[in-house]
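Chemist: Okay, structure incoming, though there's no sequence with it:
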């Protein structure tokens, strides 16, 4: 029987193999402009599908399936200046490696001032529960100006 704990454990393993790891991208037929990453392990698979537009805006969904049945979903969207992507990837990777769930995004706070001139803040609501969550992540520059954000929400489908 699939449990929420097993889905969450799979989530962290799968996300570490996807966008943050620069995994091979899959073109999405009938969805121009979208790319995806796919990870499969045992009876689970994850499909993360997103678009990045020239405007800097982006949108996506992350879906986890167990035996071809959807069991968990997250949607996200917002805007990031192009020079922020590598920093955001590193922030998300830090949370996934520690298996810390804050709304499926990065840690509550993340900075690497010796490498990046940015500060990451994640504000999950409802305590960042894996079962049901929403929130907003924001990246600031050194002058505390917003250089990007994503809102997100998701839930278990069990």
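Modeler: Sure, I can see it. In this text the structure is predicted, and so the values were computed from the model without any measurement.

Chemist: My read is that residue 58 contacts residue 49, right?
Modeler: No. Proximity of residue 58 to residue 49 does not meet the contact threshold set by Cβ atoms under 8 Å, at 11.4 Å. C-beta coordinates here come from the backbone N, C-alpha and C atoms, glycine included.

Chemist: list the residues that contact both of the two?
Modeler: With Cβ atoms under 8 Å, 6 or more residues apart in numbering applied, the contact sets of residue 58 and residue 49 do not overlap.

Chemist: And the residue nearest the centre of the chain, what's its pLDDT?
Modeler: Among the residues of the chain, residue 105 comes closest to the average C-alpha position under Cα atoms, centre = their mean, at 4.7 Å. Reading off the confidence values, residue 105 has pLDDT 93.

Chemist: list the contacts for it?
Modeler: With contact taken as Cβ under 8 Å, 6+ apart, residue 105 is in contact with 76, 92, 95, 122, 124, 135, 137, 150, 152.

Chemist: out of everything not next to it in sequence, what's closest to the first one?
Modeler: Looking back up the chat, that one is residue 76. In space, not counting the residues next to it along the chain, residue 76 is nearest to residue 152; the distance is 4.1 Å by Cβ to Cβ, 6 or more residues apart in numbering.

Chemist: And the one you found, which helix or strand is it part of?
Modeler: strand 146-156 (DSSP states H and E).

Chemist: Equivalent analysis for residue 7, please.
Modeler: Going by DSSP H and E, residue 7 is in helix 4-15.

Chemist: Which other helices and strands does the helix or strand just after that helix contact?
Modeler: Read in the C-terminal direction, the helix or strand following helix 4-15 is strand 26-27, with elements assigned using DSSP H and E. Packing partners of strand 26-27 (3 or more Cβ pairs under 8 Å, 6 or more residues apart in numbering; DSSP states H and E): strand 34-41.
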